[in-house]
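Q: Have a look at this prediction, sequence included:
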Amino acid sequence: MLVRKNTKPPNLHAVFILLSFISFVTFHTDVLAAPKQTLYEKYRDLGYQEQQQGNFNAALAYFSKAVSLGIEDPVVFNDMGVIYEQLGYLGKAEKYYGKALTIDPEYLPAYSNIAYLYLNNGFPDKAFPYFKKRHELSSLGDVWGERAKEEMLKIKPEYHAWIVHQEAEKLDRELQQKYHEDFVDKVNRSYEHYQKGRTYLKNEELEEALNQFNLALRLTPNNPKFVDAREEVKREISRRQMKSQMESALRQFEAGHSYSAKRELQKLLTNFPDEPLLNSK
């Protein structure tokens, strides 16, 4: 038995309301995300201003409002730790320094702050791993990295050899990084000269093109692409010089100055001994 299909049209008004609601929710979700970040930055900045003026309770109030927005920023948690330490709430200071490092394990100020929190309150062994990590993550010449090293050696002088080895490795890494950066810079600059040379060559400005290709090869010697480009320009310069001298010799000959024409031809053969005197170009 066949069942008759329901051919009643859908409620278009209800569909319209549903689609409008979905669009409204989607739009406002996107729009509210931006004000949230803006509001966070406002609270953070106000908190920092109060902190700088020594108004610690007001600073904490603003920082707490910023944190309540759900944006996790190690800077704010670290600043809250600093304020709590200055107010004498050492447990809370420890908590917020730790929170900052949980969010960003490479946020260096929090390592120094929690290390000195422990050291200044009689827990050098607890301070040591944070000084150690602060030194490990620092670059050579970092003032706070050097201070961390000094504190490490006061607590555990036997780490002197470890520090020397670690700094040697760090120096090697930094030198390799510097070499890599210099190499990349040279390659980039050489390609800039090459591209300028190609432009000059296209415009038949041969001497300028040759100069740019030479500059490119000074930065990256033996680059085959640059060598070929330079040789191409040199051949074109030679061809034009040869053509000019040939034309000069013909003019001398047509004017009846056979001796001068002969000298031009001799000069041509001397300057371009391997070049054909006739060229299809």
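A: All right, it came through fine. Residues are numbered from 1 along each chain as shown.

Q: just the helices in the stretch 51-200 of the chain please.
A: Here the stretch 51-200 of the chain has its helices, by DSSP state H, counting those that start in this stretch, at 56-68, 74-87, 90-103, 108-120, 124-137, 143-155, 160-202.

Q: orientation of the fifth one relative to helix 90-103 in degrees?
A: Read that as helix 124-137. Here helix 124-137 points in a direction 30 degrees away from that of helix 90-103 (axes from the mean of the first three to the mean of the last three CA atoms, to 10 degrees).

Q: again, but for the second one
A: Here helix 74-87 runs at 170 degrees with respect to helix 90-103, directions being taken by the same axes, to 10 degrees.

Q: which residues touch the residue lying closest to L201 once chain neighbours are set aside?
A: Take L201 and drop its neighbours on the chain: the residue closest to it by CB to CB, 6 or more residues apart in numbering is A209, 4.2 Å away. Heads up, the C-betas are built off the backbone N, CA and C, glycines and all. A209 is in contact with 197-198, 200-201, 233, counting by CB atoms under 8 Å, 6 or more residues apart in numbering.

Q: rerun at 10 Å
A: Each residue near A209 by CB atoms under 10 Å, 6 or more residues apart in numbering is listed here: 196-203, 229-230, 232-233, 236-237.

Q: tell me which of these is nearest to E136?
A: Of all those, K196 has the smallest distance to E136: 44.9 Å, by CB to CB.

Q: Grab the CA positions of stretch 83-102 and hand them over as PDB.
A: The C-alpha trace of stretch 83-102 is given here as PDB (Å, rounded to 0.1, in the frame of the first residue of the first chain):
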ATOM      1  CA  ILE A  83      53.200  42.300  44.100                       C
ATOM      2  CA  TYR A  84      52.200  39.400  46.400                       C
ATOM      3  CA  GLU A  85      55.900  39.100  47.300                       C
ATOM      4  CA  GLN A  86      56.200  42.800  48.100                       C
ATOM      5  CA  LEU A  87      53.000  42.500  50.200                       C
ATOM      6  CA  GLY A  88      54.500  39.600  52.100                       C
ATOM      7  CA  TYR A  89      52.200  36.900  50.700                       C
ATOM      8  CA  LEU A  90      55.000  34.500  49.800                       C
ATOM      9  CA  GLY A  91      52.800  31.500  49.200                       C
ATOM     10  CA  LYS A  92      50.800  33.400  46.600                       C
ATOM     11  CA  ALA A  93      53.900  34.900  45.100                       C
ATOM     12  CA  GLU A  94      55.300  31.300  44.600                       C
ATOM     13  CA  LYS A  95      51.900  30.300  43.100                       C
ATOM     14  CA  TYR A  96      51.800  33.100  40.500                       C
ATOM     15  CA  TYR A  97      55.500  32.800  39.500                       C
ATOM     16  CA  GLY A  98      54.800  29.100  39.000                       C
ATOM     17  CA  LYS A  99      51.700  29.800  36.900                       C
ATOM     18  CA  ALA A 100      53.700  32.200  34.700                       C
ATOM     19  CA  LEU A 101      56.200  29.400  34.000                       C
ATOM     20  CA  THR A 102      53.500  26.800  33.400                       C
END
